[in-house]
Each structure stands twice: as structure tokens, then as C-alpha cells.
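Undergrad: Just the structure for this:
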Amino acid sequence: MDEFERIRNWTDDRQHPSVLAKQGVVLGIGDDTAVVGLPPGESSGSLEWLLAVDTMVETVHFNDATMGEADIGWKALAANVSDITAMGGVPRHALVSVSVPPAWGPARMRRLYDGLYACAEHYGVAVVGGDTTSSPLHLVVSVTVVGTAPAGKAIRRAGAQPGDAVFVTGAAGMAAAGLHALLAAAAASAGAAAQPHGGG
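TA: This next block holds a predicted model:
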């Protein structure tokens, strides 16, 4: 498949036109740029735009021992959704760029996009474009998310004051514990596979 065939394979018919229209998308994937306007019912003076980008590199931020392909796609988008919502905003549009090595064939990349679009559907984000290039060895996924917040109401880190309440979702440390458990299991499995087998 050439570049355009790959993009169509990963993105065609993933989101209903009504989902895109709800986020003000005039023109989505398939041209030189996406074209978006304000979400229906919003005026230009009532909102400010929030922009966030995160990049994930194979062996640095994920590997086969800790994440499946769909999990990688979900996490790549969710990291940015989290940043937008932390500012008190609503995530609206996403641009997805991938640098794909030979080991990541069409089926694996399709599963990655399955996870990314599942996340987009869950949070109501319109995927409107991106870029694709080749990579010599490791997969790189970079996602930019654009959101909105009421003008002058974005929640900034500098606004924190002594005595403010801090909330944590889930049990603190569980993500790190899970990562260590997965890596330990992968190491044990690799060690067992490397052991010589005795003859009968």
C-alpha cells in the first residue's frame, strides 16, 4: 500500500459525519489541511482555543510486553484529552502523526487506530488529519488535540493556592506497580524460553 492507501485503511468511515459536524468540522481527512469552525451555537468571543501535543516512542513509552496495539492508540489520544480537560476545556479535534517501521504492518497499525478511534468516540473527539512517514526501527506516534474553554476561564497550574483540595483518581502507585509486574513477567518468560531443554 502507498501512503494514501494506508491512511484510507486506517481512517476511512471511522467517524459518522454527525460526530464531525458537532465539533464544527468543515473538511476533515483527505486534503492538504483540515478546515474547522466553532462548534454549532458558539460565538467567537465566548471561547478560547486550547492546544496540546504528546509524542510516544516505542521502547521509551511503550513496548510489546506492556501494551497491545489498541492500547497504544488509546493512550496516545487519551494523554492529550487529559491535558485539555485538566485546563477545564472540552477536547474537540485531533491530528495524528505516525512514523511507521517495517515491523508495524497494516494489520498492527489498523489495530492501533482501532484503539485511537475508540478513545475518540468515548470522548467525542473528531480526528481531522495528521501525517504518516516511515521509520527505520521504532514506531513513533504523535497526537495533537485542540479543545476549547470559556474565554478567560482556562484553569492554569499557577492558579493553585495553599489549602486547595487535590483529587487523585484510582489508587496511587497502581500504574507503576502494573508496569513493573508486566516487565517482570516478560523477563521471566524470556528467561524460560532461553533455557536449554534436556533430552529424553
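
Undergrad: Secondary structure class of Ala118, three-state.
TA: helix (DSSP: H, G, I helix; E, B strand; the rest coil).

Undergrad: How many residues are close by it?
TA: Neighbour count for Ala118, taken as other CB atoms under 10 Å: 15. Backbone N, C-alpha and C define where each C-beta goes, glycine included.

Undergrad: separation between it and Ala78?
TA: Per CB to CB, to the nearest Å, Ala118 is found 10 Å from Ala78.

Undergrad: Next: Leu38.
TA: Per CB to CB, Leu38 is found 25 Å from Ala78.

Undergrad: Repeat that for Tyr123.
TA: Separation of Tyr123 from Ala78 (CB to CB) stands at 8 Å.

Undergrad: next one: Asp164
TA: Taken as CB to CB, the span from Asp164 to Ala78 is 25 Å.

Undergrad: what about those two, which has more around it?
TA: Ala78 (21 against 7).

Undergrad: what's the next secondary structure element after the host helix or strand of that one?
TA: Using DSSP states H and E, Ala78 falls within helix 69-86. Proceeding N to C from helix 69-86, the next assigned helix or strand is strand 90-100, under DSSP H and E.

Undergrad: Now that next one - C-alpha only, PDB.
TA: C-alpha atoms of strand 90-100 as PDB (Å, rounded to 0.1, in the frame of the first residue of the first chain):
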ATOM      1  CA  VAL A  90     -13.500  20.400  26.100                       C
ATOM      2  CA  PRO A  91     -11.400  18.300  23.600                       C
ATOM      3  CA  ARG A  92     -12.700  18.700  20.100                       C
ATOM      4  CA  HIS A  93     -10.200  17.900  17.200                       C
ATOM      5  CA  ALA A  94      -7.200  15.600  16.900                       C
ATOM      6  CA  LEU A  95      -4.300  15.400  14.400                       C
ATOM      7  CA  VAL A  96      -2.400  12.100  14.400                       C
ATOM      8  CA  SER A  97       1.100  11.700  13.000                       C
ATOM      9  CA  VAL A  98       2.800   8.300  12.900                       C
ATOM     10  CA  SER A  99       6.300   7.200  11.800                       C
ATOM     11  CA  VAL A 100       6.000   3.500  11.000                       C
END
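
Undergrad: tell me what that strand is packed against?
TA: Other helices and strands packing on strand 90-100, by 3 or more CB pairs under 8 Å, 6 or more residues apart in numbering; DSSP states H and E, are helix 69-86, helix 106-123, strand 126-134, strand 140-150.

Undergrad: What strands line up against it, and which way round?
TA: Sheet pairing of strand 90-100 (DSSP bridges) gives strand 126-134 (parallel), strand 140-150 (antiparallel).

Undergrad: By mean pLDDT, point me to the weakest helix or strand of this protein.
TA: Least confident helix or strand of the chain, by mean pLDDT, DSSP states H and E, is helix 174-194 with a mean of 77.
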